[in-house]
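**Q** Just need the structure, nothing else, for what follows:
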Amino acid sequence: MITLKQMVDDYYSSYEYNDLRDETKSDYKYLIGQVLDTRVEGQYLRQVDVKKLTTKICKLAYNLWCNRGIHFANKTMAIARVLYNHGLRMEIVGNNPFNAVRRRKPQVRSTLWSKDDVVKLLDFAYSEFETRNLGLIAQMAYEWCQRVGDMRLLKWNNVDFEHKRVHILQSKRRAEVYLPVSDELLEMLEQQREDFGFQDYIAPRPYAIGGKYEPYTKYKMSKHGRTLIRNAGLPDTLRLSDLRRTGTTEMVQAGVGIGQIMSVTGHANPQSVKPYIKNTYDAANYALTKRTSHGTSTLDAEQEKDYI
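**A** I've put the predicted structure just below:
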């Protein structure tokens, strides 16, 4: 009998796994751990005979993962399929029972932070050394309208202190953006540099592991972010990942043109920005004002195009 844990160990020794980037390896290990530690019908999946794992058990496991969110469940399912595909290639198993499990489609998030909630989060995060770096990641994501994942990996050589600007190479679409650094954020970064300027990352985990200060992993960032939000007394419906959407929506509501927004967010297609414009008060106000005033507009020509 070969257990799932033994097949995982075989996968870890494979070229397929060891050829991955370190960041990807870390993410895979976390999700593989979630698979192994899932208990279905009184037995942990790590103990299951890989040749006897049924589609029924896989479906039950997926339903348990869905209790932690559809996005998490789908990511975990994908890793489970990777493991069994490895088993197929190595002739350890004869089929992949996870392939028969139908994944649910996650709802598109539309949650926005209020300015008061952002301030409350940052005040709480900056009050403790253990959460200060999380607060800085959140502030950068909100102020620059960037993904939290890119902010956790931001390095000191990305910041030009002399000219007060930052260069960001986005991980998702490899877009490059150059953004100004406000005086308030610059002051925070200068203070941060006094404590963490000796190593690469601007806001790593606050304690060294093996003598190294490493960035938060994707899943640890999500976990610690939810804990921070809860401890700050904020609604548990909020996520740090919503800060990019919030900042972008605020630019739209301020009448910033699509082209200028794209230069900040890194979007390559104007259609990607359209969802932020839909149903904003300023857009509706502009449309009704124009209708009643027969062409008299408080917006300039560039802004007018953005609402069409």
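**Q** what ranges of the stretch 201-308 of the chain fall below the confidence cut-off?
**A** 277-288, 290-308 (pLDDT under 70).
**Q** what ranges do the helices span in it?
**A** Under the criterion DSSP state H, counting those that start in this stretch, the stretch 201-308 of the chain carries helices at the ranges 218-231, 242-253, 258-265, 274-277, 281-293, 301-306.
**Q** So what are the structural domains in this protein, by residue number?
**A** 4-100, 115-240, 247-306 (automatic domain parsing).
**Q** give the contact list for the residue nearest to Asn85 when sequence neighbours are not counted.
**A** Of all residues not flanking Asn85 in the chain, Asn96 sits nearest, at 6.1 Å (CB to CB, 6 or more residues apart in numbering). Every residue, glycine included, has its C-beta placed from N, CA and C. Asn96 is in contact with 81, 84-85, 87-88, counting by CB atoms under 8 Å, 6 or more residues apart in numbering.
**Q** can you list those residues in CSV and add neighbour count?
**A** Formatted as CSV, the entries for those read as follows, by neighbours: other CB atoms under 10 Å:
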residue, neighbour count
Arg81, 16
Tyr84, 22
Asn85, 16
Gly87, 22
Leu88, 12
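**Q** of all those, which comes closest to Leu179?
**A** Leu179 has its nearest neighbour among those in Arg81, at 38.2 Å by CB to CB.
**Q** If I look at the closest one, what pLDDT would I see?
**A** According to the predicted model, the pLDDT of Arg81 comes to 97.
**Q** Find the nearest non-adjacent residue to it, please.
**A** Excluding its sequence neighbours, the residue lying closest to Arg81 (CB to CB, 6+ apart) is Phe98, at 4.8 Å.
**Q** The one you found contacts Ile79, correct?
**A** No: Phe98 is beyond contact range of Ile79, at 9.5 Å (criterion: CB atoms under 8 Å).
**Q** Have a look at the two and say which one is more surrounded.
**A** Neighbour tally, Phe98 and Ile79, criterion other CB atoms under 10 Å: the higher count belongs to Phe98, 25 against 18.
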